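**Student:** pasting the structure only:
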């Protein structure tokens, strides 16, 4: 069975794995660079609309598990 991970970990991993600068992520997603940096360091969370923007950018989707 797949290990359960908090959704914030999935987003942090996507940001880290992308190798894209925070400045470029800000430009392409509209999520402020400072917010992205604090989120990546685990200092704060993001608002729901920011998660939506990042999910679209990285091609992430939330899928309900059966059962």
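**Tutor:** Arrived safely, thanks for sending. Owing to the predicted nature of the structure, the values given are computational and were not obtained by experimental measurement. Residues are numbered from 1 along each chain as shown.
**Student:** Need the nearest residue in space to the residue minimising distance to the centre of the chain, chain neighbours excluded.
**Tutor:** The chain has residue 11 as the residue nearest its centroid, 2.9 Å off, counting by Cα atoms, centre = their mean. Distance criterion Cβ to Cβ, 6 or more residues apart in numbering; nearest residue to residue 11, sequence neighbours excluded, is residue 54 at 5.8 Å. To be clear about C-beta, it is placed using only N, CA and C from the backbone, and glycine gets the same treatment.
**Student:** can you give me the helices in this structure?
**Tutor:** Here the chain has its helices, by DSSP state H, at 7-18, 22-29, 33-40, 48-58.
**Student:** Tell me which of these approaches residue 64 most closely.
**Tutor:** helix 7-18 (12.8 Å; Cβ to Cβ).
**Student:** Check the offset of the closest one from the chain's centre.
**Tutor:** When distances are taken as Cα atoms, centre = their mean, to the nearest Å, helix 7-18 is centred 5 Å away from the chain's centroid.
**Student:** which residues sit against it?
**Tutor:** Here helix 7-18 makes contact (Cβ atoms under 8 Å, 6 or more residues apart in numbering) with 25, 36, 39-40, 42, 45-46, 51, 54-55, 58, 60, 62.
**Student:** residue ranges with poor pLDDT in the chain?
**Tutor:** Residues of the chain that meet the criterion pLDDT under 70 lie in 1-2.
**Student:** redo that, cut-off 90
**Tutor:** Within the chain, the segments meeting pLDDT under 90 span 1-5, 62-67.
**Student:** How far does stretch 18-38 sit from its chain's centre?
**Tutor:** Here stretch 18-38 is found 10 Å from its chain centre; the criterion is Cα atoms, centre = their mean.
**Student:** distance between the ends of stretch 45-65?
**Tutor:** Distance between the two ends of stretch 45-65: 24 Å, counting by Cα to Cα, to the nearest Å.
**Student:** before we move on, what about stretch 60-67?
**Tutor:** Using Cα to Cα, the end-to-end distance of stretch 60-67 comes out at 22 Å.
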